[in-house]
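**Q** Sequence first, predicted coordinates after that:
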Amino acid sequence: MIVFRDPSEIPAEFGRSVVAIGKFDGVHAGHRAVIERLKADAAASDARAVAVTFDRNPLALLRPELCPVNVVSVDRKLELLGELGIDATLVLTFDQELASRSAEDFVEDILVGALRVSTVLVGRDFRFGHRGAGTPDLLRELGPRYDFTVDVVDDVFIDGSDRRVSSSWIRELLAEGDVATAAQVLGRPVDVRGEVVHGHKRGRELGFPTANLSETTDAFVPADGIYAGWLDDHDTGIRHPAAVSVGTNPTFDDVLVRQVEAHVLDEVGLDLYGHDVTVEFAQRLRGMVAFEGMDALRTQMSADVEATRAILAADALG
């Protein structure tokens, strides 16, 4: 997938495009439905399949006090979009100039002028341009003038729920630690990626060494607690079953920031320091609690490992 960071980077010979516009935060099941429609429309018209998104949530500029935490970083968003098989993504810098640009100028300069759009795909509640004046109805009005059609994509729902798929819902689920439902809404597992760094080595002292992720990760970290999951080592290509801890470990008073730690099951002497890894969350086992002494903590960690083993084995059987 080609990534353009400015409309001026799009070459004149790029050709006509079918374009889907949105924040695409999380690249969740709803976004994936849009992308599938995008690819089908592009194939039918022999055009390029292009996503147009932003380098930040527009609220970060317009109403920072209301801006939510991103479900994924911009780099992770681009990686996920690329995995879906589209031709290109245009990442627009959402600055004051873009915020003040009229909806019609946005269409004329970016969609028509740079991307030579033939079809625009948007959700029913999509807004763009200065003060959100651009709507699907405005796009339909402008289409005949600029030779493009508009495809408004319906909301997506997961089985058994009457709530539409959205990034807001995913944030709520992650804040509750419900990674299993969040994975359904995302259309993919909940995971975070980072570098393995040195920690307090307390897990090793307890007999349960852990791989500690750096504070900088590429996604919204689920609620504090213990999870069954996986550790994917990108340096070796090996996928390890793991019991995962998120939080500050209240049994001790020297952990000041939230940590993601993964204890790899049934491995002795595994050295992951400096490795680029992804920790994937399968199911939450319990919340984070303080224990009275190391023995009580060690006993609970043994139980957590066995619960993790059982959950991952059941998942493997389908």
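**A** Structure received.

**Q** Helices of the stretch 1-150 of the chain, start to end?
**A** Applying DSSP state H, counting those that start in this stretch to the stretch 1-150 of the chain gives helices spanning 29-45, 59-62, 74-83, 96-100, 103-106, 136-146.

**Q** Report the residue ranges of every domain in this protein.
**A** Domain ranges of the chain: 2-153, 191-316, per automatic domain parsing.

**Q** Show the low-confidence segments of the protein, by residue range.
**A** 199-207, 249-256, 291-293, 317-318 (pLDDT under 70).

**Q** Determine the longest helix present in it.
**A** helix 294-316 (DSSP state H).

**Q** What residues of it count as buried?
**A** For helix 294-316, burial by neighbour count (16 or more other C-beta atoms under 10 Å) applies to 297, 301, 304-305, 307-308, 311-312. Placement of C-beta: from N, CA and C, glycine included.

**Q** Distance to residue 259 for those residues - can I get that in CSV?
**A** Formatted as CSV, those follow (distance: C-beta to C-beta, whole Å):
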residue, distance to residue 259
297, 15
301, 15
304, 16
305, 18
307, 20
308, 18
311, 22
312, 22
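
**Q** Just give me the closest of those to residue 39.
**A** Using C-beta to C-beta, residue 312 comes nearest to residue 39 of the buried residues of helix 294-316, at 33.2 Å.

**Q** Chain neighbours aside, what residue packs nearest to that closest one?
**A** residue 241 (5.0 Å; C-beta to C-beta, 6 or more residues apart in numbering).

**Q** where along the protein do the strands fall?
**A** Remark: strands assigned in the chain by DSSP state E are 2-4, 17-21, 48-54, 88-92, 117-123, 149-153, 190-197, 211-213, 225-233, 238-247, 259-264, 276-286.

**Q** Would you tell me which one of those strands is buried the most?
**A** Highest mean neighbour count of those: strand 17-21, a mean of 27 (counted as mean count of other C-beta atoms under 10 Å).

**Q** Make JSON lines out of the domains of the chain and add distance to residue 177.
**A** As requested, those are exported to JSON lines (distance: least, C-beta to C-beta, whole Å):
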{"stretch": "domain 2-153", "distance to residue 177": "15"}
{"stretch": "domain 191-316", "distance to residue 177": "4"}
